[in-house]
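Colleague: Just to be clear, the model below is a prediction. Sequence and coordinates:
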Amino acid sequence: MKVSGKVFAALVVGLLLSAFVRLQTGSIKGMVSPADGAVRAWAESSTDTLKADIVSGSFEITNVKPGTYKVIIEAKPPYRNASKDNIEVSDGKATDAGEIKLEK
């Protein structure tokens, strides 16, 4: 079967584009209590570290690749940092980490 140059070029371009299809990222959201007790939320995995500010007790860490994360809440004194393990992020979905309570 003979393939014309234009058809061949279109096939190559199609294959290259499909190889570079953007991986859909997810997010991790949650609440911190007390609402004014923390400044930042961190998401850590074996390959990534991401952060987001905490506003009115809420946070959402965006552009999170699929995988398993530990969420760390950076607390203000007199509170201590808190964390939550095994947060599973799926492709293109928002994962709710729930409420993370800070202790003094």
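Modeller: Good, I have the coordinates.
Colleague: Spit out the contact partners of the spatially most central residue of the chain.
Modeller: For the chain, Val64 is the residue whose C-alpha lies nearest the centre (CA atoms, centre = their mean; 2.2 Å). By CB atoms under 8 Å, 6 or more residues apart in numbering, the contact set of Val64 is 25-28, 43, 48, 50, 89, 95. (Each C-beta comes from the backbone N, C-alpha and C, glycine too.)
Colleague: again, 10 Å this time
Modeller: Contacts for Val64 were tallied using CB atoms under 10 Å, 6 or more residues apart in numbering; they are 25-28, 43, 45, 48, 50, 52, 87, 89-90, 93-95.
Colleague: same deal with Gly92?
Modeller: Under the criterion of CB under 10 Å, 6+ apart, the neighbours of Gly92 are 23-27, 66.
Colleague: need the strands for this protein, in chain order.
Modeller: Here the chain has its strands, by DSSP state E, at 26-33, 38-44, 49-53, 58-64, 67-75, 82-89, 94-101.
Colleague: what about the protein, any weak spots by pLDDT?
Modeller: 1-5, 7-23 (pLDDT under 70).
Colleague: could you redo the last one with a cut-off of 90?
Modeller: 1-24, 91-92 (pLDDT under 90).
Colleague: re the thing from before, among the contacts of Val64, which ones are buried?
Modeller: Buried members of the contacts of Val64, counted by 16 or more other CB atoms under 10 Å: 26-28, 43, 45, 50, 52, 87, 89, 95.
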